[in-house]
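Q: Give the three-dimensional model of this entry:
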Amino acid sequence: MNVETAPRPSETPESGATLSDLRPMDAVAALYNDGNPALAGEILSSLSETIFDRPEPPLAGPLQQLMAGLSYRILKRTTVRNGTTYRNRVLEHSGHPYAQALLASSTAETQVLVEGGDPMNGPYMMLLPAACKNAILWDKLFLGSVQGKDVKLRFLWETKATHSEAKKRLAPGRTVRLKALAAGTGLSMILAYDRLVRDGAEGVVAEITDRDPANTAKTNRLLAKLAPARGWKIGPDGISARTEDIFVAPAGESPCDVVTTIGILEYLQGATCDTTERRHGLPEPQEPLTIRQLAEKVAATTTPTASLIANTFRPHRSVRLLELFGKQFDYRHPANLHEVWAKEGFRPARTVGSALVYDVIVYEKS
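A: Next up is the predicted model:
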């Protein structure tokens, strides 16, 4: 088998591994598994430098978009569905964690989602110069795809916007509260908090929540192993992570100054320009929990001058590949998103960045 394309499992890197040795999924493992805090710190520092101190990476070009269409046609012809799982010899041959996430879901409840576990952190690691250099063909096909590049840019814009919105609120003696809703492992919030600490900021409280206890357990493990070297405060006066139902506002929760809802709105009905079901002529049963319910919760748990960071999800042809594997999305252009948040008193303040699939927009409460 060709060495360039041969799959290699991403396991916990050995204690002697360095940043220059890692492929993208190795970097994910180094961050969230036990041990090797020095390597995890190097990864975080490299990501921070790329996001805050280097030019933004480019969008996928016309040739890559053309190749994405070709990939879709190949996979459409070679994919077989079996209940809630899929078989595809091409993807199975790759042995790549991202391919495994496409082919199977952990439970029937989440079969329509691209779950926020380790494989979904993979595109972020393509921001690491070392990991990108070490990426083999399968890494580039999955993590550097058209949507993979958009996910990477969305992550970068979210991180910079969170940092910027927090920094402009900092004042002596004031506490600034940040929250990332349904954030998976919350890496963007961690990077924003870390940069604020390195800027010398005091009084910053950051909370990461997700519905999956496995994700928040990984986040807390990462926070614990990096805190001593990076000067983080862990807990209610610093940065923390917990499992949360995003539609339930806990009693006594302090209102937040900055909230991010990146990567979750595309799974919620309401105020859409299109949906997967409409595109494919599928039944579209009404769901009890919608984007409007989430917007109401965000409005109720934020300060009168809070900022919200949210993303659109454009019905771009590159997303068809995910729909091919049973993923279902609710699509919105900026106007659809503005409509949702306007009802809760949020107005669009600025667009942080626009890509092929995503726009990242900052809203201000007024």
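
Q: Count the residues that sit near the spatially closest residue to residue 134 that is not a sequence neighbour.
A: Leaving out its chain neighbours, the residue that sits closest to residue 134 by C-beta to C-beta, 6 or more residues apart in numbering is residue 23, at 4.8 Å. Yep, even glycine has a C-beta here, placed from its N, CA and C like the rest. Neighbour count for residue 23, taken as other C-beta atoms under 10 Å: 24.

Q: same check, this time on residue 292
A: Around residue 292 there are 15 residues (other C-beta under 10 Å).

Q: could you list every residue that touches it?
A: Residue 292 sits next to 270-271, 340, 343 when contact means C-beta atoms under 8 Å, 6 or more residues apart in numbering.

Q: Let me see the contact set for residue 198.
A: Counting by C-beta under 8 Å, 6+ apart, residue 198 has contacts residue 230.

Q: Just to check, residue 223 is in contact with residue 241?
A: Yes: with contact defined as C-beta atoms under 8 Å, residue 223 reaches residue 241; the gap is 6.7 Å.

Q: quick revisit: how far away is the residue nearest to residue 134 from residue 352?
A: With the distance defined as C-beta to C-beta, to the nearest Å, residue 23 ends up 29 Å from residue 352.

Q: where along the stretch 101-250 of the chain do the strands fall?
A: 176-180, 204-210, 239-243 (DSSP state E, counting those that start in this stretch).

Q: So residue 223 and residue 241 - more neighbours on which side?
A: Taking neighbours as other C-beta under 10 Å, residue 223 and residue 241 compare with residue 241 leading, 26 against 22.

Q: That one: what's it in contact with?
A: Residue 241 touches 186, 207-210, 216, 219-220, 223, counting by C-beta under 8 Å, 6+ apart.

Q: do residue 235 as well
A: Per C-beta under 8 Å, 6+ apart, neighbours of residue 235: none.

Q: Looking at the strands of the stretch 101-250 of the chain, spot the one closest to residue 329.
A: The closest of the strands of the stretch 101-250 of the chain to residue 329 is strand 204-210. By C-beta to C-beta, the value is 19.1 Å.

Q: Count residues in the vicinity of residue 343, would you?
A: Residue 343 has 12 nearby residues by other C-beta under 10 Å.

Q: Please identify the helix or strand for the residue nearest to it when sequence neighbours are not counted.
A: The shortest distance from residue 343 to any non-neighbouring residue, by C-beta to C-beta, 6+ apart, is to residue 295 (6.9 Å). Secondary structure assignment for residue 295, by DSSP states H and E: helix 291-300.

Q: pLDDT averaged over that helix, what's the number?
A: The average pLDDT within helix 291-300 is 95.

Q: With stretch 38-57 instead?
A: Averaged across stretch 38-57, the pLDDT comes to 97.

Q: Can you verify my assumption that residue 181 contacts residue 261?
A: Yes: applying C-beta under 8 Å as the test, residue 181 and residue 261 come out as touching, 5.2 Å apart.

Q: Find residues that contact each of those two.
A: 294, 298.

Q: helices or strands next to the host helix or strand of residue 28 in the packing?
A: Taking DSSP H and E as the criterion, residue 28 maps to helix 24-32. The elements that helix 24-32 packs onto, with contact taken as 3 or more C-beta pairs under 8 Å, 6 or more residues apart in numbering; DSSP states H and E, are helix 37-53, helix 118-125, helix 129-134, helix 137-143, helix 213-230.

Q: how many other residues sit next to the residue lying closest to residue 144 once chain neighbours are set aside?
A: Nearest residue to residue 144, sequence neighbours excluded (C-beta to C-beta, 6+ apart): residue 126, at 5.7 Å. For residue 126, the count of nearby residues is 22 (other C-beta under 10 Å).

Q: one step back: next secondary structure element downstream of the helix holding residue 295?
A: Taking DSSP H and E, what comes next after helix 291-300 is strand 302-311.

Q: returning to that earlier point: please produce JSON lines containing the helices and strands packed on helix 24-32, extended by distance to residue 194.
A: Formatted as JSON lines, the helices and strands packed on helix 24-32 follow (distance: least, C-beta to C-beta, whole Å):
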{"stretch": "helix 37-53", "distance to residue 194": "6"}
{"stretch": "helix 118-125", "distance to residue 194": "14"}
{"stretch": "helix 129-134", "distance to residue 194": "19"}
{"stretch": "helix 137-143", "distance to residue 194": "23"}
{"stretch": "helix 213-230", "distance to residue 194": "6"}
